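Asks: Pasting a predicted model and its sequence here:
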Amino acid sequence: MQGEEVSVPTAAAPGDKSEHSQSHSHSNPVIINPELVDQLNKSSHGWDDVSAPPGATRKRFHKHDFPGYGSYNVHFKPSKTEMDLVQNSIYLREENEVFLEELEATAISGNDILSSTFYVSGLVTMSAGKLAPFCLVLVGLVLYLFRGIYHETVTALPINGGTYNILLNCTSKQIASIAAVLNIIAYITTGVVSGLDAIAYLETALPPNIKANFDKQSATIGLLAFFCLITNLGMKESATVAKVIFVAHVCTLSVLTFLGCFYMINNHQHLIDNWDTPYPPVTSHHHMEENQQLIPGTMWTAIFYGFSSGMLGVSGFETSSQFVEEQAPGVFPKTLRNMWAGVMFFNPLLSLISFSALTVQDIMDHKATVLARTAYVIGNWIQSDILHLSTETYGDFGNYFSKLISIDAFIVLAAALLTSFVGINGLIRRMTMDRCLPQILLLQNPITGTDSIILVGFFILCVSQVVLLDSNVEALGGVYCFSFLGVMCIFAVGNLLLKVKRPSLPREISTGWIHSIVGLLSVMAALLGNILDKPELLTYFFMYFFIVGTMVYIMFQRVRVGRLLYKLLKKKRKKSAFTADDGSLSGVVSEDSPLLQMEAGEGEVGDGDGEADGDQESHVLAKEVAEINEQETSCLSKISFQLKSYQDVPFVFYCKHDDLHLLNKAIIYIQNNEQTNKIIIVHCENNITNTDLLQEHVKLMDLLYPKIKISLLIIDSPFTPAIVEWVSGSLNVPINAMFISCPDENFAIKVNQLRGMRIITSYD
C-alpha cells in the first residue's frame, strides 16, 4: 500500500475530536491518513462487531472496556511527496531556529538564582548568626556537586522539563508527577517571595510621606496582579531584556562587593564584635506552641540550621534545565558553571560584608533588606571618611547607594516573578498535554492567545499564600525550601536511576556514585533541617501539595473512578426492579446477558399480581420505577461513553527488534501509566527484515490484553526524525505520546532530535 500525495494542512483534520488533537498543535505538513488509520483500526481476525472477546462466556466486557482487536499486517511506504514535505518542514524549522548563547541563557537563569542574594543573607543569619558566611560557603560546595549531577542528567536527556522530564524517562508517570507538583509549589512560593522582597526593597526607596502609609501586602498583591495581566496580554521573557537586567545586576553587585571589601579592610570592629555574639537559640518543638522553649544554640546547631536555610540561596539553579532545548550546543554546562560561580562568589562575600557594616541584631531586624541597609552604611562612610564631602552640599551618599541597590533589587526580583509566571505556564501546559491535569487548562484566551486559566489560577494560589502566611518572608522561605529541596532530592534520585535503568544512554560526562550520593544526602540533610526548624510550616506545605496533587491524582484515576461509578449504578439499577406484593421480582434480567443489551431492553416493569389493572397506585408506582430506570440507563450510557472517550487515544511504541519480552514490558508500562485502550507498535524495516515472527508476537500480545487494542504498523523506511514526524502527522499522534526503548551510542539519531519522545524501557 503506497501513500498518496497530501497537502499542507492549516488546521487539525475536521471531525477529529480526540484529546490529542485538542491538546497538541502539530507543525507537521502531513495530514491524517484516513486509509492508514482505518487499516490499523480494522481487526485482522474479522471480529470488529463483537462486544466481548470470543470465548469469554463467564465475564462480559462492557463496550468501554473492550476496544476490539487490532490489525497485525499493515505495511506502508510513505510517498516521496510526503517525505519531501516533512524534510522541508524540518529544514525550515532548523533554519529559522534561534538558539540562546551563553550570556542570554545565563541571564535568564542567573536573574533567578542571583535574586536570592537580596534576602538569603538575612535568612541564614537568623539561623546561623555569626556563622552565616561559612554556611553559605557550604551551600556553594553542595551546589558544585549538583552542577555535575545536572550536567550528566540533562545532557543525557536534553529535553525541556527538568526534574519532571528526567523521572518521566526513568520511572513512572505518577512519580514524575509528584516531582512536578513540588515544582509547582516551588514556582508559587518563588513568585510570592520574589514579590514580597521586591516590594520590601521598593519601600526603602520611597519618600517618607509615602512610606508611612505603604501597605506591603496590598502592594505585593498588586505586583502579582500586574504580572498576571501582562502575561495574559502576551508578554513573555525576552532574552535581550533578561541580558540587560542581568548585566546591570552583576555590575551593581560587583560595585557593592568591591566597596564593601574596601570598607571591611578599614572597618573590622563590627566583625570582631559580631564574632563575640552567642549562637542563635534553637526552638524546642516538643511542647505545645504556647509552651515552646528556647534551647541555647551551639556551633553545630548554627551550622546545621544555617546550611539548611542557606539552600534557599540556590533557588533557580534548576531553571536552565527547563529550557535546555532553546540553548545552543554546549551552552548548558556553561550556564551551570556561571550560576555556581555567582552563588559561590557573591553570597558568602556579601554576607561577610554585611557583618562588617552591621551588627547581628541589625541584620536580623532588616533581614528582608540587608543589602540596602549595608549599602547605606558603606555610602555614608565613603562620603564622610574617604571623600570628606558634606551632606548639605552633595546630599546623602548612603541614601543614594541604598536606593540604587533597592531599585536593582526591585527590578531583578520582579524579573524573577515574571520567570515564575512564564515557567509555571510551560510546566502546566506540558503536564496537561501529558494528560496529568484537566484539559480545560489548555483553553486559550480567544483575544490574546494566552493560557489565561493557568495564569489566573497561579495568581490566585500566590495571593492565597500571601494572605495565609501574612506576608511572612521567613515562613514563605520555609515552605519554598520544602518544595525546592524536595525537587533537588528527586533530581539526585533521578540521576542515580539514570545510571541504573538507562546505562546505555549517551551522555557528555558521568559523575561517580559517591558524587551523586553525597549530593543527595546533603540536600536531604538540608530538608531535614528545615523541617526540624519550622515544623509548623508543614501544614501550609501539605495544604498546597494536597490541592495540586489531588487534581493530578484524579486525572490519573478518572477511568478507575468512572468504572467504579458505573458498577455501583449498575448494581443499584438491578435492585431497583419492581417487586410484587408476593415478593416476586418483575423485569429481572439474566446476569449472563451483555450489559449494553440490558441498557437497551430494560425499563419494562410488571404490574404486581396481574389483578390490579385498575389500581391507580400500582400504575403510579410502575411509572415512577420506569422513569427511575430510564434515568439510570441514560446515566450509565453517559458514563460508558465518557469512559470510552477518555481511553480512545492512541499511543505509539517504536519497536526495533522482535523481542517478546520488550514488547510485554512496553505494553505493561503504557497500561500502568496512560489511560488508553489503543497501542500502535511501529516497526521501521529495510528490505532484508523478516517481520513474520514480530506479527505473531504482536497478535499474541493483543490477545493477552483484551482491554487494549494493539496493532502493528510496518513502515518500509529506516527510522529517522522525518519518519517520526510523518507518523505523528499521519496518525494524528503527538510526539510526546510516542515511546521508544533506551538508545545507545550506536543509535541512528541524537536524543535531542526525538523532540520529546519518551524512553520507557531498556534492553538491559
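Replies: Thanks, I have it.

Asks: And what about residue 714, helix, strand or coil?
Replies: At residue 714 the chain is in strand, as set by DSSP: H, G, I helix; E, B strand; the rest coil.

Asks: in the protein, which ranges drop under the pLDDT threshold?
Replies: Per-residue confidence for the chain (pLDDT under 70) gives these ranges: 1-31, 46-61, 235-237, 284-293, 473-474, 477-478, 571-633, 686-689, 748, 763-764.

Asks: Which residue lies nearest the spatial centre of it?
Replies: Closest residue to the average C-alpha location of the chain: residue 180 at 3.5 Å, with Cα atoms, centre = their mean.

Asks: what about that residue, which helix or strand?
Replies: helix 173-204 (DSSP states H and E).

Asks: May I ask which helix or strand encompasses the residue lying closest to residue 110 once chain neighbours are set aside?
Replies: In space, residue 110 comes closest to residue 246 once its chain neighbours are excluded; the distance is 5.2 Å by Cβ to Cβ, 6 or more residues apart in numbering. C-beta here means a position set from N, CA and C on the backbone, and glycine is covered the same way. Residue 246 is part of helix 239-266, with elements assigned from DSSP H and E.

Asks: residues of that helix that come out buried?
Replies: Across helix 239-266, burial judged by 16 or more other Cβ atoms under 10 Å covers 239, 242-243, 245-246, 249-250, 252-253, 256, 259-260, 263-264.

Asks: and what of stretch 361-372?
Replies: Buried residues in stretch 361-372 (16+ other Cβ under 10 Å): 362-363, 366-372.

Asks: ok, so of these, who is nearest residue 353?
Replies: Residue 353 lies nearest to residue 371 out of the buried residues of stretch 361-372, by Cβ to Cβ, at 8.9 Å.

Asks: For that closest one, list the residues it contacts.
Replies: Residues counted as contacts of residue 371 (Cβ atoms under 8 Å, 6 or more residues apart in numbering) are 117-118, 121, 256, 350, 354, 405, 409.

Asks: Correct me if wrong: the residue nearest to the centre of the chain contacts residue 424.
Replies: No. Contact criterion Cβ atoms under 8 Å: residue 180 and residue 424 do not qualify, at 10.7 Å.

Asks: what ranges do the strands span in the stretch 551-700 of the chain?
Replies: For the stretch 551-700 of the chain, applying DSSP state E, counting those that start in this stretch gives strands covering 650-654, 678-684.

Asks: my bad, the chain
Replies: 74-76, 282-284, 293-295, 650-654, 678-684, 709-715, 738-741, 758-761 (DSSP state E).

Asks: so what does the last one touch, helix or strand wise?
Replies: For strand 758-761, the contact count by 3 or more Cβ pairs under 8 Å, 6 or more residues apart in numbering; DSSP states H and E identifies helix 162-170, helix 660-673, strand 738-741 as packing neighbours.

Asks: For residue 744, give its distance to residue 156.
Replies: Using Cβ to Cβ, to the nearest Å, residue 744 is found at 12 Å from residue 156.

Asks: any shared contact partners between the two?
Replies: Common contacts of residue 744 and residue 156 (Cβ under 8 Å, 6+ apart): 505-506.

Asks: Mind listing what's buried along stretch 172-180?
Replies: 173, 175-180.

Asks: what comes into contact with it?
Replies: For stretch 172-180, contacts defined as Cβ under 8 Å, 6+ apart pick out 163-168, 427, 431, 434, 436, 487, 490-491, 494, 549, 552, 556, 669, 672-674.

Asks: and if you look at stretch 397-408?
Replies: 201-202, 204-205, 248-249, 252, 256, 369, 371-373, 375-383, 387, 389, 391.

Asks: mind saving the C-alpha coords of it as PDB?
Replies: What follows is stretch 397-408, C-alpha atoms only, in PDB (Å, rounded to 0.1, in the frame of the first residue of the first chain):
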ATOM      1  CA  PHE A 397      25.600  59.200  49.500                       C
ATOM      2  CA  GLY A 398      24.400  56.400  51.800                       C
ATOM      3  CA  ASN A 399      20.800  57.200  50.800                       C
ATOM      4  CA  TYR A 400      21.800  57.300  47.100                       C
ATOM      5  CA  PHE A 401      23.700  54.000  47.300                       C
ATOM      6  CA  SER A 402      20.900  52.300  49.200                       C
ATOM      7  CA  LYS A 403      18.300  53.500  46.700                       C
ATOM      8  CA  LEU A 404      20.400  52.200  43.800                       C
ATOM      9  CA  ILE A 405      20.600  48.700  45.500                       C
ATOM     10  CA  SER A 406      16.900  48.900  46.200                       C
ATOM     11  CA  ILE A 407      15.900  49.700  42.600                       C
ATOM     12  CA  ASP A 408      18.200  47.000  41.300                       C
END
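
Asks: how far does it sit from the chain's center?
Replies: Put simply, stretch 397-408 sits 38 Å off its chain's centre (Cα atoms, centre = their mean, to the nearest Å).

Asks: One more: stretch 349-362?
Replies: Using Cα atoms, centre = their mean, the offset of stretch 349-362 from its chain centre is 38 Å.

Asks: repeat for stretch 168-185
Replies: Taking Cα atoms, centre = their mean, one finds stretch 168-185 lying 7 Å from the centre of the chain it belongs to.

Asks: Please apply the same query to stretch 375-385.
Replies: That offset, for stretch 375-385, works out to 46 Å (Cα atoms, centre = their mean).

Asks: in that stretch, what counts as buried?
Replies: Those would be 375-383, for stretch 375-385 by 16+ other Cβ under 10 Å.

Asks: between the buried residues of stretch 361-372, which is nearest residue 678?
Replies: residue 368 (54.6 Å).

Asks: Count the neighbours of the residue nearest to the closest one when sequence neighbours are not counted for me.
Replies: The shortest distance from residue 368 to any non-neighbouring residue, by Cβ to Cβ, 6+ apart, is to residue 200 (4.3 Å). Neighbour count for residue 200, taken as other Cβ atoms under 10 Å: 25.

Asks: Next: residue 143.
Replies: By other Cβ under 10 Å, 24 other residues sit near residue 143.

Asks: With the one 10 residues further on instead?
Replies: Residue crowding around residue 153 was assessed by other Cβ under 10 Å; the count is 28.
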